[in-house]
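Participant: Model the following, please.
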Amino acid sequence: MPENATGEYSDRNEIAAMLSESGIAPRYGDGTVFGEPVVIVDQISMDRSGYLYRLYSAGGALLAECVEQIESYDIAETPLNEAIRKNTTETMEFRDPQGRPWASLTHRKVWKSKVSVTGPDGGEIGRFAQKNVLGKVSFAITSHGSITGKLRSTGTRLEQFDLADQSGNALGRFVKLGGYSRWRPLVRDARTVGRYVLELSARLPQPLATMAVVSPVAIDLAFNMDPAGYRR
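Facilitator: Okay, the predicted model is just below:
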């Protein structure tokens, strides 16, 4: 997304086009990452430098950034089990526009994805646990051992996920624009490879508010493992 000097997204026509493609009407909140009813998540593949995501309001204001924390290691001196763990684990840090961290996300992919979300103090906020692989994929959202919500794809192409509370009441949804990224062995430049538009029906209480905002990144990592394997 092209930005101006203030970090805002400068092409409002493109924002309007993205919202139209997603079928989500523009709505506006208080300008904070937890106070906006519509959030645009821009996914940028940095290849060897790691993933970078930017979160914008429907009005184009930068709400947050999400930066991958890559842990380097010497493969010749690392035990095989540890090397496999490192190569199948991704850690992302969410920061406000001033660079202050407010959450970290750790994604572990073996057969079914598991994603944990922690606060700046290291305390756990919640977890996403993939329940199935085939068909309409669903994730349980838990916090301190209790189910607080659910994510479920509306189709097998994983283009839309619905968010509900533990009782099944609808809380929102997010829509994937474009396909999921694929391994690109000859590409070295950073580029936008996908976007999500998140819509929430109301302002959510914590910790569900944090889990809702980070959910597009959690899902994106769950289904974009090839670039991660290439970077490492």
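
Participant: Give me the buried positions along the top strand by length along the chain.
Facilitator: The longest strand of the chain (DSSP state E) is strand 191-200. Buried residues in strand 191-200, counted by 16 or more other C-beta atoms under 10 Å: 193-200. To be clear about C-beta, it is placed using only N, CA and C from the backbone, and glycine gets the same treatment.

Participant: Ok, stretch 24-33 next?
Facilitator: 24, 29, 33.

Participant: what stretches of the protein score poorly on pLDDT?
Facilitator: 1-11, 45-49, 69-89, 110, 179-193, 224-232 (pLDDT under 70).

Participant: in it, which spans are strands?
Facilitator: Using DSSP E, strands in the chain cover 38-45, 51-57, 62-68, 89-95, 101-108, 114-118, 124-130, 138-143, 146-153, 160-165, 170-177, 191-200.

Participant: Including distance to Ser215, could those strands go into CSV?
Facilitator: Output for the strands of the chain, formatted as CSV (distance: least, C-beta to C-beta, whole Å):
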stretch, distance to Ser215
strand 38-45, 9
strand 51-57, 12
strand 62-68, 12
strand 89-95, 12
strand 101-108, 10
strand 114-118, 9
strand 124-130, 7
strand 138-143, 8
strand 146-153, 6
strand 160-165, 7
strand 170-177, 7
strand 191-200, 7
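
Participant: Identify the residues contacting Phe34.
Facilitator: Listed by C-beta atoms under 8 Å, 6 or more residues apart in numbering, the contact partners of Phe34 are 203-204, 209-210, 213.

Participant: swap that for Ser116, please
Facilitator: Taking C-beta under 8 Å, 6+ apart as the test, what Ser116 contacts is 105-106, 108, 124, 126-127.

Participant: Leaving out sequence neighbours, find the closest residue to Val38.
Facilitator: Ala58 (4.2 Å; C-beta to C-beta, 6 or more residues apart in numbering).

Participant: distance of Gly122 from Ala140?
Facilitator: 23 Å (C-beta to C-beta, to the nearest Å).

Participant: and the angle from the top helix by length along the chain to strand 124-130?
Facilitator: When the chain is parsed with DSSP state H, its longest helix is helix 208-222. Counting by axes from the mean of the first three to the mean of the last three C-alpha atoms, to 10 degrees, helix 208-222 lies at 40 degrees to strand 124-130.

Participant: Relative to the whole chain's centre, how far out is helix 208-222?
Facilitator: Centroid displacement of helix 208-222 relative to its chain, using C-alpha atoms, centre = their mean, to the nearest Å, is 4 Å.

Participant: buried residues in it?
Facilitator: 208-222.

Participant: likewise stretch 96-115?
Facilitator: Applying 16+ other C-beta under 10 Å to stretch 96-115 flags 97, 102-109, 113-115 as buried.

Participant: just to revisit the earlier point, which among the contacts of Phe34 gets closest to Leu134?
Facilitator: Val213 (28.0 Å; C-beta to C-beta).

Participant: With adjacent residues omitted, what lies nearest to that closest one?
Facilitator: Val33 is the one closest to Val213 (C-beta to C-beta, 6+ apart), at 5.8 Å.

Participant: Please look at the one you found and Ala64 and confirm they touch.
Facilitator: Yes - look at Val33 against Ala64 with C-beta atoms under 8 Å: they come within range, at 4.7 Å.
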